[in-house]
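[1] please find the sequence and the predicted model below.
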Amino acid sequence: MEGRGKVLGWGMVLTLVFTLLASQSVVFGFSEPIRIGTIFPRSGFLADLGIESWRGAEVARLERNEKGGIKGQKIVYVDTDAPNVDAAVSNAESLINREKVKVICGTYWSSGGYAASAVAEKYKTLYFEFTSVSDELTERGFKYLLRTAMLTSGMGGAIVDFIAESAKSGKIGVKPQDLKVAVIHEDSLMGTSISQFIMNDCKKKGLNVVHYEAYSAKATDLSPLVLKLKDKQTDILISACYLTDAILLSRQMKELGLKVKAQFGSSGGHGLLDFVNAVKEDAVGVYVTVFPYYGMNRKFTPGIENFETRYFKMFKEKPHAGHSVVCYMGAKVLFDSIEKAGKMDPLAIRQAAMTIDIPLGGTEAGWGVKFDPTTGQNTRSPAVLFMWQKDMTLGAVYPPGAAITEGVFRK
């Protein structure tokens, strides 16, 4: 009986040990694949950049899985298509309640990210935003939200600062207060938010805004707007467009003879290769604040060559826009945060993300990483201003540290 008691005693000890190890497997290795929901527009007029954004996150996932995943477990995406706000909301609901994911990432567009992240907050699910840029997204004080992307306020600020500094230095040939500036935008959350910051920045810098107007991104005729801009003798045109309206605007400016000293796009539409392919040489000299692109000083984008190589190997073409590299970078930050947390607990992952400290110029996108604990916003993701060059590539012109070329203005 004494021997049997010892056996039972050791059996109980071993059972306790295995039980403890099992309970800690989530912490020290995870007990199953890491499932992460994704919400991107894969159809409709937002699909171009939605798919490009997803591609960047997918490169990061496959690369991480090649290296063993997260503590020995593979990363699996549960992908959804969100071409409109209703779909973004329903997909968030489905991912959380049906698929039981604890983390969702996305989204590319601000209206979709704004709506889907509210659903995630309701169900205490972490929403990790890689690409939507509206300031309003992180101004709600959500506890289950993180964003690595830059802010719309920074995008407009880079444009206005560059214009004001160029005018002051004499590069434009017109004094800042004498410039005739027009601000136009598509009327979704993205365009409206960016344009409001641009208007405020123009006022602060003493720039003369002679026309301001919103329009639908689905418009098929912008000629009335272009004629207004021509009538105002616009010198500088600042716009916030998606792809189809950016192309339409450029074509109708040419058709109606609107010539400006410089045209600035403050969102993704003007920054796509598809825009250049559509308007050809008319893209040369067009400025755009987009996500950190490939034409930057490479001292500030360590590892970007590796990303480009992997992207080309996977998709048999070069990246279409900077959205892919910032999603690649954002996904890597998410994976590191999960690994640091050691478990698929939304708040634990968010808290782990707060400990990440990467200096500016320390990632493939040129950004650093340091999250604000109140808003969840990355404080090291500045906007960069680019210009389409004669070889049909984007070259950074501002700020100076990222620049590889100088801006030009038409006489």
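    Structure received. Small disclaimer: the values here were computed from a predicted structure and weren't measured.
[2] look up phi and psi at the spatially most central residue of the chain.
    Residue closest to the mean C-alpha point of the chain, counted by CA atoms, centre = their mean, is residue 131 at 2.1 Å. Residue 131 adopts backbone torsions of phi -130, psi -30, taken as degrees, to the nearest 10.
[3] likewise for residue 52?
    Torsion angles, degrees, to the nearest 10, at residue 52: phi -60, psi -40.
[4] wait, it sits on residue 322?
    No - applying CB atoms under 8 Å, one finds residue 52 not in contact with residue 322, separated by 9.0 Å. (Each C-beta comes from the backbone N, C-alpha and C, glycine too.)
[5] so which of those two has more stuff around it?
    Neighbour count, other CB atoms under 10 Å: between residue 52 and residue 322, residue 322 has more, with 29 against 26.
[6] which stretches of the stretch 1-150 of the chain have low pLDDT?
    By pLDDT under 70, the low-scoring segments of the stretch 1-150 of the chain are 1-29.
[7] residue boundaries of the strands in it?
    34-40, 75-81, 103-106, 126-129, 145-147 (DSSP state E, counting those that start in this stretch).
[8] next: the stretch 151-300 of the chain.
    Under DSSP E, counting those that start in this stretch, the stretch 151-300 of the chain gives strands at 180-186, 208-215, 236-240, 262-265, 287-290.
[9] then the next helix-or-strand element following the last one to CSV, C-alphas only?
    Downstream of strand 287-290, the first helix or strand assigned by DSSP states H and E is helix 304-315. Output of helix 304-315 as CSV, limited to C-alpha atoms (Å, rounded to 0.1, in the frame of the first residue of the first chain):
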residue,chain,number,x,y,z
ILE,A,304,12.9,47.3,-48.3
GLU,A,305,15.0,45.4,-50.9
ASN,A,306,14.1,42.1,-49.2
PHE,A,307,10.4,43.1,-49.3
GLU,A,308,10.5,44.0,-53.0
THR,A,309,12.2,40.8,-53.8
ARG,A,310,9.6,38.7,-51.9
TYR,A,311,6.7,40.7,-53.4
PHE,A,312,8.0,40.1,-56.9
LYS,A,313,8.6,36.4,-56.3
MET,A,314,5.0,36.0,-55.0
PHE,A,315,3.0,38.1,-57.4
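[10] list the buried ones in helix 304-315?
    304, 307, 308, 310, 311, 315 (16 or more other CB atoms under 10 Å).
[11] distance of the residue lying closest to residue 386 once chain neighbours are set aside from residue 264?
    Nearest residue to residue 386 in three dimensions, chain neighbours excluded: residue 394, at 4.1 Å (CB to CB, 6 or more residues apart in numbering). Distance from residue 394 to residue 264, counting by CB to CB, to the nearest Å: 13 Å.
[12] give the residues shared as contacts by these two.
    Here residue 394 and residue 264 have residue 288 as joint contacts, going by CB atoms under 8 Å, 6 or more residues apart in numbering.
[13] thinking again about what came up before, look up how far residue 273 lies from the residue nearest to residue 386.
    From residue 394 to residue 273 the distance is 9 Å (CB to CB).
[14] over to residue 102?
    36 Å.
[15] more crowded one of these two?
    Neighbours per residue, other CB under 10 Å: of residue 102 and residue 273, the larger number sits with residue 102, 23 against 18.
[16] how much space between the more buried one and residue 346?
    On the measure of CB to CB, residue 102 and residue 346 end up 6 Å apart.
[17] which neighbours do these two have in common?
    Joint contacts of residue 102 and residue 346 (CB under 8 Å, 6+ apart) are 125, 126.
[18] ranges for the helices of the protein?
    2-24, 47-66, 85-97, 110-122, 152-168, 189-205, 223-231, 243-255, 273-279, 304-315, 323-341, 346-353 (DSSP state H).
[19] ok, residue 146 - contacts?
    126, 127, 128, 129, 337, 350, 353, 371, 376, 378.
[20] now residue 73. Nearest residue, chain neighbours left out?
    Counting by CB to CB, 6+ apart, the residue nearest residue 73 is residue 30, at 4.3 Å.
[21] the one you found - how many residues pack around it?
    20.
[22] before we move on, the earlier item: redo the helices of the chain as a markdown table? Include distance to residue 177.
    As requested, the helices of the chain are exported to a markdown table (distance: least, CB to CB, whole Å):
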| stretch | distance to residue 177 |
| --- | --- |
| helix 2-24 | 66 |
| helix 47-66 | 36 |
| helix 85-97 | 41 |
| helix 110-122 | 32 |
| helix 152-168 | 9 |
| helix 189-205 | 10 |
| helix 223-231 | 20 |
| helix 243-255 | 25 |
| helix 273-279 | 32 |
| helix 304-315 | 40 |
| helix 323-341 | 36 |
| helix 346-353 | 44 |
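[23] of all these, which lies closest to residue 37?
    helix 85-97 (3.6 Å; CB to CB).
[24] chain center to the closest one: distance?
    Offset of helix 85-97 from its chain centre (CA atoms, centre = their mean, to the nearest Å): 20 Å.
[25] and the angle for that helix with strand 34-40?
    170 degrees (axes from the mean of the first three to the mean of the last three CA atoms, to 10 degrees).
[26] let me know how buried residue 120 is, in neighbour terms.
    So residue 120, with other CB under 10 Å, has 27 neighbours.
[27] just to revisit the earlier point, turn the buried residues of helix 304-315 into TSV, including distance to residue 198 and pLDDT.
    Putting the buried residues of helix 304-315 into TSV (distance: CB to CB, whole Å; pLDDT from 0 to 100) gives the following:
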residue	distance to residue 198	pLDDT
304	29	93
307	30	97
308	31	95
310	35	98
311	31	97
315	34	97
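[28] nearest to residue 40, of those residues?
    residue 315 (15.1 Å).
[29] one step back: I'd guessed the residue nearest to residue 73 sits against residue 74; true?
    No - with contact defined as CB under 8 Å, residue 30 does not reach residue 74; the gap is 9.8 Å.
[30] per-domain residue ranges of the protein.
    Domain ranges of the chain: 34-150+300-380, 153-290+385-398, per automatic domain parsing.
[31] and the last one, how far out from the chain's middle?
    This means domain 153-290+385-398. 20 Å.
[32] start to end distance for that domain?
    16 Å (CA to CA, to the nearest Å).
[33] before we move on, what about stretch 91-105?
    End to end - CA to CA - stretch 91-105 spans 12 Å.
[34] ditto for stretch 373-384
    25 Å.
[35] show me the contact partners of that stretch.
    In contact with stretch 373-384 (CB under 8 Å, 6+ apart) are residues 138-139, 141-142, 145-151, 154-155, 157-158, 289-290, 292-293, 296, 350, 354, 358-360, 365-372, 396, 398-399, 402.
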